[in-house]
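Participant: give the three-dimensional model of this entry:
(one chain, ligands or ions: 1)
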Amino acid sequence: MGGEEIKYVQEAFESNYIAPLGPQVDAFEREFIAKVKIPYGVALSSGTAAMHLALHGMGVGAGDEVLASSLTFIGSITPVVFQGATPVFIDSDRASWNMDPELLAEEIESCKKKGKLPKAVVPTDIYGQCADMDRILDVCSVYNIPVISDSAEALGATYRGRSAGTGAKAVVYSFNGNKIITTSGGGMLVSEDEKMISYARFLSQQARDAAPHYEHTQIGYNYRMSNIVAAVGRGQLKVIDDRVEARRRIFAYYQKTLQDVPGIEFMPEAPYGRSNRWLTVILITPEEFGADREEVRLALEKHNIESRPVWKPMHMQPVFKGCRMRGGGVSEDLFKRGLCLPSGTAMSYEDVDRVIAVIRNVHKRCSDDSFTIQPKPIPDAELTSCHNVSAS
Ligand SMILES: Cc1ncc(COP(=O)(O)O)c(C=O)c1O
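Facilitator: Numbering: from 1, shown residues only. Take a look at the predicted model:
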C-alpha cells in the first residue's frame, strides 16, 4: 500500500457506502481513465470479469473462434470458453515475447481460406511489456476483426508513448494481489467506445432494465467492484509511477549484477515501448550456465525464496488439448528456460543480493566444485516477512 488508501477507505466508511457502487467507484473510474487517457471505463470485480464482458460485448458466442496469445495467464482465455467459443493460440515473437504479428496474419489468412474469420483477437502484454499493437491492428483491420488487449500485467507500461492497450477496441486491466498496483482483487475494462462500456456496466449489474422493480430481458453477471475496494484503488493509482520506477530499478540491478554470469539472458525490451518490468524474468541456458531453470528454482526455494517458471503456454495446457496452435517453438522455449525472479517493490537491494548469491552459487557449484559463495544467512525474524520476496 502507498499510504493514501486508508484515507479513501475512511471516506467510504464515513459516507456509509459499503454496498457495491458509490462515489469511490465513480471517482476511481474517472481517475483511472484520466491516467491511461482512454475515455470510458468500468470498474469490475476482476480482470477475468473485464475480459468476459469485453468478449460478450463484441458478440463472441457459441461456435466462434478467438485468436489469443499462447504465452499468457489462463484468465485471458477462460472467458472465451465461458462464451462457448474456441480459443486458437498464436506463438510469441522473440523481440517482445508477445503475440507474433506475422503468425497472426498467417492464421487469419488461413481462417479466411476456410471461410471462417475469428470473432476477436486477444493479445496479452506479457510481464508488463506491450504487444506490437500497431502491427496487430494493421493485420486485424484488413478483415475488421476487433482486438481486445489483455493489459492485465501492463498498467504503467507504454507503447509508442501511449498507455498499454491503446488503440484496441477494449482494454483489460487487473488489480489482483500480485499486480503492480492492487485493490486486493479487481479489474477495469476501458474503451474509446462509450456504448460498449455502458453495455458492460449494464451486464455487470445483473442486466437490470430501467424499471422501479427488478426487470430482466437479458442474462447478466454480478461483476461490479465494491465501493471499499475502489477506495483502495484510488490510493494505489497515486503510486503507479513510483511502482514502475521501482520495478525497473530492480530489473536493472539484477541485470547489471548478473551480467558476468554465462547462460543468463534477461527479457528483452522491445524498441517501441517502455515496459513496467512487472517481473524480472530471465532465461537460463543450461549448457552455458551449468544448471537448468528448475535447479535454480529449487535452490532458491531451499533459501525460502519464491521464484516461478514462465507461464506455461496455453497450447501445452491439458485443458486446451486439441486447440489449434500457430507456431509454438518460441513460447515452449521461453517456458523451458524462463524463470520469474522475486520482483516486489518492497524489496531492498540486500534482498535482491540474496537472490543473486543463490543463483551465482548454483552456477559456481555446477561449473567448479571447489568454489562456493554462501548466501547471506536469513535472520529468523525476516523469514516471516518473506512475502515481500515473491515472484508473482
Ligand atoms: C495476463 C493476465 N490476464 C488476465 C488476468 C486475470 O486477472 P484477474 O486475476 O484480475 O482476474 C491476469 C492476472 O491475474 C493476467 O496476468
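
Participant: only C-alpha atoms for contact and neighbour calcs from this point on.
Facilitator: OK.

Participant: how about the residues of the stretch 51-200 of the chain by the ligand?
Facilitator: Contacts of the stretch 51-200 of the chain with the ligand, taken as C-alpha under 6 Å from any ligand atom, map to 72-73, 75-76, 124, 150, 152-153, 174-176, 186-187.

Participant: residues contacting the residue most central in space within the chain?
Facilitator: For the chain, the residue nearest the mean C-alpha position is E153 (2.5 Å; C-alpha atoms, centre = their mean). Residues near E153 by C-alpha atoms under 8 Å, 6 or more residues apart in numbering: D125, I126, Y127, G128, Y173, S174, K179, I180, W278.

Participant: switch those residues over to CSV; also include pLDDT.
Facilitator: Below are those laid out as CSV (pLDDT from 0 to 100):
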residue, pLDDT
D125, 98
I126, 98
Y127, 98
G128, 98
Y173, 98
S174, 98
K179, 94
I180, 94
W278, 98
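
Participant: tell me the contacts of the closest residue to the ligand within the stretch 101-250 of the chain?
Facilitator: Evaluated by C-alpha to the nearest ligand atom, the stretch 101-250 of the chain has S174 as its residue closest to the ligand, separated by 4.2 Å. If you count contacts by C-alpha under 8 Å, 6+ apart, S174 has them with S46, G47, T48, S151, A152, E153, T182, G185, G186, G187, M188.

Participant: from these, which land in helices?
Facilitator: Members of those lying in helices (criterion: DSSP state H): G47, T48.

Participant: what's the closest of the contacts of S174 to S163?
Facilitator: S151 (9.6 Å; C-alpha to C-alpha).

Participant: count the neighbours of that closest one for me.
Facilitator: 29 (other C-alpha atoms under 10 Å).

Participant: ditto for the one 10 residues further on
Facilitator: Burial measure for G161: 11 neighbouring residues, criterion other C-alpha under 10 Å.

Participant: just to revisit the earlier point, for V172, see how far away the residue nearest to the centre of the chain is.
Facilitator: 9 Å (C-alpha to C-alpha, to the nearest Å).

Participant: returning to that earlier point: among the contacts of E153, which are in strands?
Facilitator: Using DSSP state E, the subset of the contacts of E153 located in strands is Y173, S174.

Participant: show me the contacts for S151.
Facilitator: S151 touches T124, D125, I126, G128, C130, A164, G165, V171, V172, Y173, S174, counting by C-alpha under 8 Å, 6+ apart.

Participant: pretty sure the fourth one contacts N276?
Facilitator: Yes: taking C-alpha atoms under 8 Å as the definition, G128 is a contact partner of N276 at 5.1 Å.

Participant: what sits in contact with each of these two?
Facilitator: In contact with both G128 and N276: A154, L155, A157, using C-alpha under 8 Å, 6+ apart.

Participant: still on that earlier bit, tell me which two of the contacts of S151 sit farthest apart.
Facilitator: C130 and S174 (14.8 Å).

Participant: next one: P123 from L71, what distance?
Facilitator: Counting by C-alpha to C-alpha - P123 and L71 are separated by 9 Å.

Participant: quick check: neighbours shared by these two?
Facilitator: N98.

Participant: neighbour count for those two, which is higher?
Facilitator: P123 (33 against 30).

Participant: residues in contact with G2?
Facilitator: G235, Q236, K238, V239.

Participant: before we move on, what about A152?
Facilitator: G47, T124, D125, V172, Y173, S174, F175, K179.

Participant: now it, nearest residue through space, not along the chain?
Facilitator: Nearest residue to A152, sequence neighbours excluded (C-alpha to C-alpha, 6 or more residues apart in numbering): Y173, at 3.9 Å.

Participant: pLDDT below threshold where in the stretch 51-200 of the chain?
Facilitator: Residues of the stretch 51-200 of the chain meeting the criterion pLDDT under 70: none.

Participant: quick one, strands of it?
Facilitator: 65-69, 86-90, 120-122, 148-150, 158-159, 162-163, 170-174, 187-191 (DSSP state E, counting those that start in this stretch).
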